[in-house]
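> Curious how this folds, go ahead:
(2 chains)
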Amino acid sequence: GQQLNQSPQSMFIQEGEDVSMNCTSSSIFNTWLWYKQDPGEGPVLLIALYKAGELTSNGRLTAQFGITRKDSFLNISASIPSDVGIYFCAGLYNNAGNMLTFGGGTRLMVKP
Amino acid sequence: DARVTQTPRHKVTEMGQEVTMRCQPILGHNTVFWYRQTMMQGLELLAYFRNRAPLDDSGMPKDRFSAEMPDATLATLKIQPSEPRDSAVYFCASGLELGKNIQYFGAGTRLSVL
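Numbering: from 1, shown residues only, chains lettered A, B, ... in the order given. This is a model prediction of the structure:
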């Protein structure tokens, strides 16, 4: 089946630093979503991308839908302790209905 | 504030017992998904329903797992008999097909099988 490679698997950074994570696929996707999961909770949608090249921001978060439609990145600027959690990318390819393919997640830890 | 509701939030049971997890999707959503999350495997899709009909349950161990949608407001995931290797967090998500392809997740059921 389709697979998403998400990197890095984990990051341990200092508060105030910028963060970058990305997902790549061997297949073309027509939707990219980025979710964040807080400890003990379910994933919550951060940003949704629907067009190749699209760049979207949500506060300190910025995500882009790659031109090739096979990749996406998420940047977090000026990280704060509440950014701690697991970030998942998810993609939807043609003819998949509403069924998403999830990356393995990036575990972010922020040192105050 | 519409949300996906899952019950129970936590379940501890003994090996061999039946476990039933319930999910109330967001009103109006026509797709429902069950996922299992473990440290080793990440998020695994177990079952996918559209308009209450099962479309994909290839990720679900058929011998002990079953998923149903008795009506549009309830989805269930059953394990019988449960085994220690079933210990994980089980998430339900719902969405609207032909909408923005967004899945909305519940808070999960944390299952521990002793």
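
> Can you list the low-confidence ranges for the chain?
I'll assume chain A. Counting by pLDDT under 70, chain A contains low-confidence residues at A:1-2, A:94-96.

> was after chain B, sorry
Across chain B, the ranges flagged by pLDDT under 70 are B:1, B:99.

> Residue numbers of it in contact with chain A?
Selection of chain B residues close to chain A by CB under 8 Å from any CB of the partner chain yields B:4, B:31, B:33, B:42-43, B:45, B:48, B:50, B:55-56, B:91, B:93, B:95-97, B:100-108. C-beta: built from backbone N, CA, C; applies to glycine.

> Select only the buried ones of the residues you listed in ChimeraX?
Applied in ChimeraX, the following selects the buried portion of the residues of chain B next to chain A according to 16 or more other CB atoms under 10 Å in any protein chain shown:
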select /B:4,31,33,42,43,45,48,50,56,91,93,95,96,101,102,103,104,105,106,107,108
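
> Mind checking which of the residues of chain B next to chain A land in helices?
Per DSSP state H, helices hold no members of the residues of chain B next to chain A.

> Among the residues of chain B next to chain A, which are located in strands?
Among the residues of chain B next to chain A, the residues falling in strands (DSSP state E) are B:31, B:33, B:42-43, B:45, B:48, B:50, B:55-56, B:91, B:93, B:95, B:103-105.

> Does the residue in chain A that chain B sits nearest to fall in a helix, a strand, or a coil region?
Residue nearest to chain B within chain A (CB to the nearest CB): residue A:42, separated by 3.4 Å. Three states are possible here, and by DSSP: H, G, I helix; E, B strand; the rest coil the one that applies to residue A:42 is coil.

> How about it: what's its closest non-neighbour residue?
The spatially closest residue to residue A:42, leaving aside those adjacent along the chain, is residue B:105, at 3.4 Å (CB to CB, 6 or more residues apart in numbering or on different chains).

> Show me what that neighbour bridges to in the sheet.
Beta-bridge partners recorded for residue B:105 (DSSP bridges): residue B:93.

> same thing with residue A:88?
Residues in a beta bridge with residue A:88, per DSSP bridges, are residue A:35.

> same question, residue A:109
Those that pair with residue A:109 in a beta bridge, by DSSP bridges, are residue A:12.

> Next to chain B, which bits of chain A? Give me the list.
Contacts of chain A with chain B, taken as CB under 8 Å from any CB, map to A:31, A:33, A:35, A:40-45, A:48, A:50, A:88, A:90, A:92, A:97-100, A:102, A:104-105.

> Mark which of the residues you listed are buried, thanks.
Buried members of the residues of chain A next to chain B, scored by 16+ other CB under 10 Å, are A:31, A:33, A:35, A:42-43, A:45, A:48, A:88, A:90, A:92, A:98-100, A:102, A:104-105.

> Which of these sits closest to residue B:10?
Distance to residue B:10, by CB to CB, is smallest for residue A:42 among these, at 14.1 Å.

> Hmm, that closest one is touching residue B:103, no?
No - Residue A:42 lies out of contact with residue B:103 (CB atoms under 8 Å); the separation is 10.0 Å.
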